[in-house]
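Asks: Take this sequence and fold it.
(3 chains)
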Amino acid sequence: MSDHNYVPSSKLGKWFNDRLPLLSLSAHLREYPTPKNLNYWWTFGGILTFCLITQIITGIILGMHYVAHVDFAFDSVEHIMRDVNYGWLIRYVHANGASMFFLAVYIHIFRALYYGSYKSPREIIWIIGMIIYLLMMMTAFMGYVLPWGQMSFWGATVITSLFSAIPMFGESVTNWLWGGFAVGNPTLTRFFSLHYLLPFLILGLVILHIWALHVPGNNNPIGIELKKPSKDTVPFHPYIVIKDLFALLLFLIVFAFFVFYSPNILGHSDNYIEANPMITPAHIVPEWYLLPFYAILRSVPDKLLGVVAMFASIFILVILPWLDTSKIRSAIFRPIYKQLYWILVLDVIILGYMGAMPAEGTYLLIARLATTYYFVHFLIILPILGKKEKTLPVPPSITEPVLADAPNPQMFKKQEE
Amino acid sequence: MKNLIKLIYFIFLSIILFSQCLLAEDKKQLLTNNWSFKGYFGKFDRSALQRGYQVYAEVCASCHSMKYLSYRNLAEKGGPEFSKDQAKAIASNFEVTDGPNDDGDMFTRQAKLSDKFVQPYRNDKEAIASNGGAYPPDMSVLVKARKGGADYIYSVLLGYEDPPSGTTLDDGVYYNKFIYGNNIKMPKPLMDGQVEYNDGTEATEEQMAKDVVTFLAWSAEPHLEARHKIGFRAIIYLIIITILVYFSMKKIWSRVESEI
Amino acid sequence: MSDDKKVQRRDFIFTASYALGAVGVGATVWPLIDQMNPDRSVKALASTEVNVGSLEPGKSITVLWRGKPVFIKRRTPEEIAEARNVSIENLPHPEKDEDRAKNPEWLVMLGICTHLGCVPLGNKGEYNGWFCPCHGSHYDTSGRIRKGPAPKNLEIPKYEFVNNNTIKIG
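Replies: Residues are numbered from 1 along each chain as shown, chains lettered A, B, ... in the order given. I've put the predicted structure just below:
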């Protein structure tokens, strides 16, 4: 936190600020010293905040018209699409907004992986981020159930059935989740209730995420600690604000293309068929952003172990700050990690791709290889690599670039905490 | 070490390419038409929509419901745009059950613009029982509910042919090139000259298929024209403001960059 | 950063960005507001037809129109006379009965007290018309406010006789 004392110029402002220091907070946010070499991958934090707010606003509006009952859910969605003023626009923004939200969050996460933003002293930011990500997946999953189409129903059935893998209590847990003996009206109403609640929980965690960020300050592409404020930093406003805004507008252009010109391309056509507990669709596919995890789930032949593997694949990210033993943050100075990073990206894309394919034959084999590699990357490669890798010289500050072919021992400045 | 990494890269990339090939294999080319509603400025062809409604009413409606459509939709902007009186006249051909009246009885009356399309069957069970065990799906959102959308429905309508030799079909099952599994319980619905168009268009099979699919595409996405219109404006707007913000950003950042 | 470099020239590019941004925010906010307005299916139900053929003089029925109760009263000659013999100068909201009931036998009005929206009771109150139990407003046989806190007469909706037995409201 910037620790200078802000004093409002007006008397009223001072009176108010002494009682509730909102003006100090706003001054802190404006002056927050930010590394000036942040690239556009750093704008996704702002974009994600925008996504969350958009989802909450459009979601509250949809909640005004939606009816959470198995007999009316599908009808009320069609009512929104046909009769409510601009209902089609609001629903398409919300539905595609979820996809855009996940697109942004994946970029945000992979940026942190590339530049080592999860490393000390930013572990708490990273862990809160992972909790947000987990809550996002839960929220998105429950939101997908609400239109009560075929994919909603069968997606809900498959995902909730994961819990039947729990030894001894499996059946009682699933019955408890469903409020019955299968996915039905009680399931729908509780999903609606939770789908409405969780985003506000996410919002609270986002505030903590930003708070935790403002303690050590931003990481940066070079990954070194900066003196703040200094020549290496700029005040958040207007420099970062305008840059985030520019990136947000570019993002919105992509968003608008989806909403206006292919609003259903990321969805599944089966979800325009009303839920029918008697007929299962030929391929049950989750939304694209859950596919990698779905692939991991299916690539383990045992039911319980599959579920364990899926949850482990997320949990492994939570403990990542302690798995990666390298002291150097940015991949720019880690030639081998850089290569492995891109292989991990490919691996996750392959997993996502296999998640959309039927779990048989070659697909299954590839999915198993990719799952194995995923765990090998985090559990074996990263801990060893951090100890063995020969890193490149790290510059002492942003404004003093490293002389490429004259390595100076002074420049191997390690960050001692 | 470097070579090993290159090898892993290579393997992963070839996996992606390989799966692309697998995917491309089992794709059957759907029939298509030069749909007026595709593309960034796509609009529905009004006369095709009006003819399409006629095909629906005279051919499909005996088995397929369209429960999310109301008669008023026929006169709404962006749709077939029948005049209000035409839509009223269409509605008045149908009887709906209303009530209860003051005596507690249900009664029938002429349909009004605010009524939903009258359904051919009382419920799904009756629909299945009357159609040899196959449920004729509701067609309100059918175009969005099928992979391939308008092209798919169009292909199925025109995909009836004699089964290849060696294939035997059960009673009441027909062969269709494009439907999943090639077996369909709906008999070939469209024959040349089956309806007589009011506007004098020749009612060939292709023409009717095209018209009714256009109608179904509209019913699945009644605000498509508004969406395209608003979308175009929104994107133009976004591009302009992005450019403005870009130059604002350059201006603001020039203050620090000059100091480096 | 040195302060003297902060030449905050509000030049064209900033002004244009702000102005265009405001337009965009406005255009985005409108759908969010408009979605709460009556939707197409509600608007389609804006008129309703009522069969009043079986209504006897002196009786009234209440029908629902746009989610609100509408009183349709077939008045007796005495009630009509009572309504027409009032000197309107002394009324809180002066209106002639002739203007309120085009066909004197039929009185069609919204059954919503103009005070705070309760539904008045028929054949009650000091003026043999309607009486609102919520805050004690008395209406006469023409539905005019005579006593109590309500500021206005009961509202007359748009209606017409489709034929002798049917009234179309809206």
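Asks: Could you list the low-pLDDT ranges of chain C?
Replies: Filtered on pLDDT under 70, chain C yields the residue ranges C:1-10.
Asks: go with 50
Replies: Filtered on pLDDT under 50, chain C yields the residue ranges C:1-7.
Asks: just the stretch 1-150 of chain B next, same as before
Replies: In the stretch 1-150 of chain B, no residues with pLDDT under 50.
Asks: Name the secondary structure element that contains the residue of chain A found nearest chain B.
Replies: Residue of chain A nearest chain B, by C-beta to the nearest C-beta: residue A:260 (2.5 Å). From N, CA and C alone the C-beta is placed, and that goes for glycine too. Using DSSP states H and E, residue A:260 sits within helix A:241-261.
Asks: Let me know whether the following helix or strand past that helix sits next to chain B.
Replies: Using DSSP H and E, the helix or strand that follows helix A:241-261 towards the C-terminus is helix A:291-299. No - Helix A:291-299 lies out of reach of chain B by C-beta under 8 Å from any C-beta of the partner chain, never closer than 12.1 Å.
Asks: Next one: the residue in chain C positioned nearest to chain A from chain B, what distance?
Replies: Relative to chain A, the nearest point of chain C is residue C:31 (3.6 Å; C-beta to the nearest C-beta). Residue C:31 sits 9 Å away from chain B, going by C-beta to the nearest C-beta, to the nearest Å.
Asks: What is the neighbour count of that residue?
Replies: Applying other C-beta atoms under 10 Å in any protein chain shown, we find 18 residues neighbouring residue C:31.
Asks: Repeat that for residue A:20.
Replies: Residues near residue A:20, counting by other C-beta under 10 Å: 9.
Asks: repeat for residue A:115
Replies: 22.
Asks: In contact with it: list those residues for me.
Replies: The contact partners of residue A:115, taken as C-beta atoms under 8 Å, 6 or more residues apart in numbering or on different chains, are A:41, A:219, A:220, A:221, A:223, A:329, A:330, A:331, A:332.
Asks: Identify the residue nearest the second one in space, chain neighbours excluded?
Replies: Distances taken as C-beta to C-beta, 6 or more residues apart in numbering or on different chains put residue A:117 closest to residue A:219, at 4.2 Å, once the chain neighbours are dropped.
Asks: and if you look at the third one?
Replies: Beyond its immediate neighbours in the sequence, the residue positioned closest to residue A:220 (C-beta to C-beta, 6+ apart) is residue A:35, lying 3.7 Å away.
Asks: Show me which of the contacts of residue A:115 is closest to chain C.
Replies: Looking across those and measuring by C-beta to the nearest C-beta, the closest to chain C is residue A:220, at 18.3 Å.
Asks: Pretty sure the closest one sits against residue A:226.
Replies: Yes - with contact defined as C-beta atoms under 8 Å, residue A:220 reaches residue A:226; the gap is 7.1 Å.
Asks: between the two, what contacts are shared?
Replies: Contacts common to residue A:220 and residue A:226, judged by C-beta under 8 Å, 6+ apart, are A:35, A:398.
Asks: circling back: neighbours around the residue nearest to residue A:219, how many?
Replies: 23.
Asks: wait, it sits on residue A:221?
Replies: No - counting by C-beta under 8 Å, residue A:117 stays clear of residue A:221, with 10.3 Å between them.
Asks: returning to that earlier point: show me the contact partners of the helix holding residue A:260.
Replies: A:38, A:40, A:43-47, A:50, A:89, A:92-93, A:96-97, A:99-100, A:104, A:265-266, B:40, B:227-228, B:230-232, B:234-235, B:238-239, B:241-242, B:245-246, B:248-249, B:252-253.
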